[in-house]
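Q: Predicted coordinates and the sequence they were generated for:
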Amino acid sequence: MRAALIGAGQIARQHLSCLQSIPEVEVAAIADLAPSVAEAAAERHRISRWYTDHRTMLAEVRPDVVHVTTPPGSHLRLALDALEAGAHVVVEKPATTTLAELEQLARRAEQAGRALVEDYNYLFNRGPQQILRRIETGELGSVVHVEVSICLDILGPTGFADPNVPHPALGLRGGAIADFLPHLASLAHLFVGRHRSVRTLWTKRSATVLPSDEFRALVEGERGTASLSFSGSSQPDGFWLRVYGTRMLATANLFETRVTFDGLRPGPKPLRPFVNGLVEGKDVARAAVGTLLRKFTGGPGSYEGLFELLTGVYRALRNGSELPVTLGQVLEVNRMVEALKPVDEAPGVQPLRIAAGRDGGRS
Amino acid sequence: MKALVTGAAGFLGRHVVSALLERGVAVRAMVRPAARIEGLGWPPSVEVVRADLRSSPDLHRAFDGVEVLVHLAAAVSGGEDAQFAATVVGTERLLEAMARTDCRRVVLASSFSVYDWSAIEGTLDEDSPLEPVADLYARDGYSIAKSWQERVVRRACATHGWELTVLRPGFIWGRDHAYLAALGVQISRLHLVIGPLSRLPMTHVENCADLFALAAVDPRARGQTFNVVDGEGERIWSFLGDYLRGKGERGIRIPVPYQLVHRAVQLAFSTVFRRNLKLPQILIPVRFESRLKPLRYTHRRAREVLGWSPPLAFEECLRRTFEPAGPARAVA
């Protein structure tokens, strides 16, 4: 299958690394508005053609799949153009800036009979996948609650909080944190399903240009509850997933390889904390070594899920089987994302605002 | 004569502004929107333009009445893609803007990092080979961006028939910028000095700025490329000693032979580390070599073509770098 990319920045490089590891995929072309960026990406990844105009690329290359890896404000237009050109679309998160745009895009994909996949790469990291297996085998029991928490320093001057040039994510309602909402929402959705109600808290601790840098939410899902958070100030960086089941507590750090399980093990009850502690300690030590080895020996690192996701997408497109991320899932996750965003049109202007809604009421 | 200086509030830029003024060149200083310029002591004659090359519209207006562009702006921190965007895309936008103006002369701050350090033996000079495409993307983000920046500028100058002077400084040092990457590996108070007798390709920021100002005004510089070093360079061991004394730090220097570490890095990279490019910089052979390979350096071409020699001797550079800061020296 022939793939093409629109957007040749940091995330495009991750897509390219994945695509070049899938034998049946040929990356046929790449486009970027900046000629040097497009040409450097083509040179580095040995892609034969590069463009500064995506429409010319779509017309000349006729790719089977287009990856949209530009800043979010441009996704809708580029994805529509790719569908128009007859391609399936893999779009980086957030797929669009609003739910209305997403629904427009989804309708167009359905009419065109083409796939539309939003990148929920972290669902396919080993942590969530191992926890899913424990749910399938019944070991974890049923899911009661899930916590998803991202601690990430986004306050530095060269990224989201660049004081010289507004980062493209600041165009989203919710600002830089809105860029991470699809990760939080897709994980919550994976474990507790669609949301019924959402309560949020958007606040700001830093003196940066960011509209808000702290976020908390409580989600009532159809199969359980979820608490979601993003912190720009808590350190160290981590992406914590904690799934509370009726028989087991599972914890994973998706930036690393750590996954631990704390369960109702057989044996005398007073010894359970001791045994759980020993087993958890062993798992943490093993994960620490695994994370270190992963750093030294290369590979996708915390983007391991992107490799799994893209491999699955191309397999499904080839075989006509179900995609690893379905259109229904994308719609439900985006309804949750929309409910999580601050209600103000100007994001985060009022700190400590609490918003509540039923069933993603604004969908 | 008026010069447009980009990156004017940067470490090199503030001294280049000063050096140009000393040579009687009027300066329009381009600084980023959030840059702080209050403490730089620029006289009112310096016109300040606030712009970010990545995004500001109407960059061409900054060229009004300008005869020479002294292009110093480049990212020195941030991720690989952020550096590429700031350094290369910014340059691309700046040159597109320049093409709409009457300015036809460019002085570019390139870097020693554009050279093919793995291939060069003996003396590194302006005729030494540049990093080939095959190895470029194994280099660090700064080197990739600086190589591409020079490529983009050379192409634009060839396309438009502009006159170009490329200056490639080695390590630029001075007050608050005296710890150089080549000084080795610091672990708390221990300094592992890799190749202690190797020379450092160094230029004090005021000497470096002097050559930039000369290149901007001297017609003989047109079409030339100059390496910028103050001389053959200090040895790593002795300069680290000067640094520690100057900073009043009590570090312990441990000498390690270059060849020994180099062999170990090469072997580990191709075996256990499986050519992984996410390793710490010093464990990737091409990056190790570009930082530490013992070569010889010279400013012979700048001397022969422009009659340049660094105005400040090493002892004076040390004094200006490490002696307690007095009242702010006027820069013009």
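A: Cool, got the structure. Residues are numbered from 1 along each chain as shown, chains lettered A, B, ... in the order given.
Q: so how many other residues sit close to whichever residue of the stretch 201-350 of chain A sits closest to chain B?
A: Here the stretch 201-350 of chain A gets closest to chain B at one residue, A:Gly298, 3.1 Å apart by CB to the nearest CB. Every C-beta, even on glycine, is put in place using the N, C-alpha and C of the backbone. A:Gly298 is flanked by 15 other residues according to other CB atoms under 10 Å in any protein chain shown.
Q: Could you say which helix or strand holds the residue of the stretch 51-200 of chain B at minimum distance from chain A?
A: When you check the stretch 51-200 of chain B against chain A by CB to the nearest CB, the closest residue turns out to be B:Gly78, at 3.5 Å. Under DSSP states H and E, no helix or strand contains B:Gly78.
Q: same deal with B:Val27?
A: Using DSSP H and E, B:Val27 maps to strand B:26-31.
Q: Please point out which parts of that strand sit buried.
A: Neighbour counts over strand B:26-31 (16 or more other CB atoms under 10 Å in any protein chain shown) mark B:Val27, B:Arg28, B:Ala29, B:Met30, B:Val31 as buried.
Q: what's the span of stretch B:92-103 from first residue to last?
A: End-to-end distance for stretch B:92-103: 16 Å, by CA to CA, to the nearest Å.
Q: is it anywhere near chain A?
A: Yes. For a cut-off given as CB under 8 Å from any CB of the partner chain, stretch B:92-103 has contacts with chain A, namely B:Glu92.
Q: Please work out the average pLDDT along that stretch.
A: Averaging pLDDT along stretch B:92-103 gives 97.
Q: tell me which residues of it are tucked away?
A: Burial within stretch B:92-103, assessed by neighbour count using 16+ other CB under 10 Å, is assigned to B:Glu92, B:Arg93, B:Leu94, B:Leu95, B:Ala97, B:Met98, B:Thr101, B:Cys103.
Q: do stretch A:157-170 as well
A: Buried residues in stretch A:157-170 (16+ other CB under 10 Å): A:Gly159, A:Phe160, A:Ala161, A:Asp162, A:Asn164, A:Val165, A:His167, A:Pro168, A:Ala169, A:Leu170.
Q: biggest separation within these, which pair?
A: Spatial extent of the buried residues of stretch A:157-170 (CB to CB) is set by the pair A:Asn164 and A:Ala169 at 15.4 Å.
Q: And the strands in the stretch 101-250 of chain A, which stretches?
A: Secondary structure of the stretch 101-250 of chain A (DSSP state E, counting those that start in this stretch): strands located at A:116-118, A:143-151, A:195-203, A:214-221, A:225-231, A:238-245, A:248-253.
Q: residues touching the residue of chain B found nearest chain A, list them.
A: The nearest approach of chain B to chain A comes at B:Asn276, 3.1 Å away (CB to the nearest CB). With contacts defined as CB atoms under 8 Å, 6 or more residues apart in numbering or on different chains, B:Asn276 is in contact with A:Phe296, A:Thr297, A:Gly298, A:Gly299.
Q: Show me where chain B has its helices.
A: Remark: helices assigned in chain B by DSSP state H are B:11-22, B:80-84, B:90-98, B:133-136, B:141-160, B:205-217, B:236-247, B:258-270, B:285-292, B:300-306, B:314-322.
Q: and the stretch 1-150 of chain B, which of its residues are near chain A?
A: So far as CB under 8 Å from any CB goes, the stretch 1-150 of chain B lies against chain A at B:32-34, B:52, B:54-55, B:75, B:77-82, B:84-85, B:88-89, B:92, B:133, B:137, B:144, B:148.
Q: Quick one, which of those residues are buried?
A: B:32, B:52, B:54-55, B:75, B:78, B:80-82, B:84-85, B:88-89, B:92, B:137, B:144, B:148.
Q: residues contacting B:Leu108?
A: Per CB under 8 Å, 6+ apart, neighbours of B:Leu108: B:His71, B:Gln149, B:Glu150, B:Val153, B:Leu164, B:Thr165, B:Val166, B:Leu167.
Q: For these, I'd like a selection string for ChimeraX - just the buried members, please.
A: Burial among the contacts of B:Leu108 is assessed by 16+ other CB under 10 Å; the matching ChimeraX selection reads:
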select /B:71,149,150,153,164,165,166,167
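Q: So in chain A, which helix runs the longest?
A: The longest helix of chain A (DSSP H) is helix A:272-297.
Q: ok, and for that helix, which residues are buried?
A: Here helix A:272-297 shows A:Asn276, A:Asp283, A:Ala287, A:Thr291, A:Arg294, A:Lys295 as buried, counting by 16+ other CB under 10 Å.
Q: Would you reformat the buried residues of stretch B:92-103 as a markdown table and include distance to B:Lys293?
A: Output for the buried residues of stretch B:92-103, formatted as a markdown table (distance: CB to CB, whole Å):
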| residue | distance to B:Lys293 |
| --- | --- |
| B:Glu92 | 31 |
| B:Arg93 | 34 |
| B:Leu94 | 33 |
| B:Leu95 | 32 |
| B:Ala97 | 38 |
| B:Met98 | 36 |
| B:Thr101 | 41 |
| B:Cys103 | 38 |
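Q: what's the burial count for residue 11?
A: No chain in the question, so chain A it is. If we define neighbours as other CB under 10 Å, then A:Ile11 has 21 of them.
Q: nope, chain B please
A: Using other CB under 10 Å, the number of residues around B:Phe11 comes to 18.
Q: which ones are touching it?
A: B:Ile172, B:Gly174, B:Asp176, B:His177, B:Val205.
Q: Need phi/psi at the closest residue to A:Ala176 other than its chain neighbours.
A: Once flanking residues are discounted, A:Ala176 sits nearest to A:Phe160: 3.8 Å by CB to CB, 6 or more residues apart in numbering or on different chains. The phi/psi pair for A:Phe160 (degrees, to the nearest 10) reads phi -60, psi -30.
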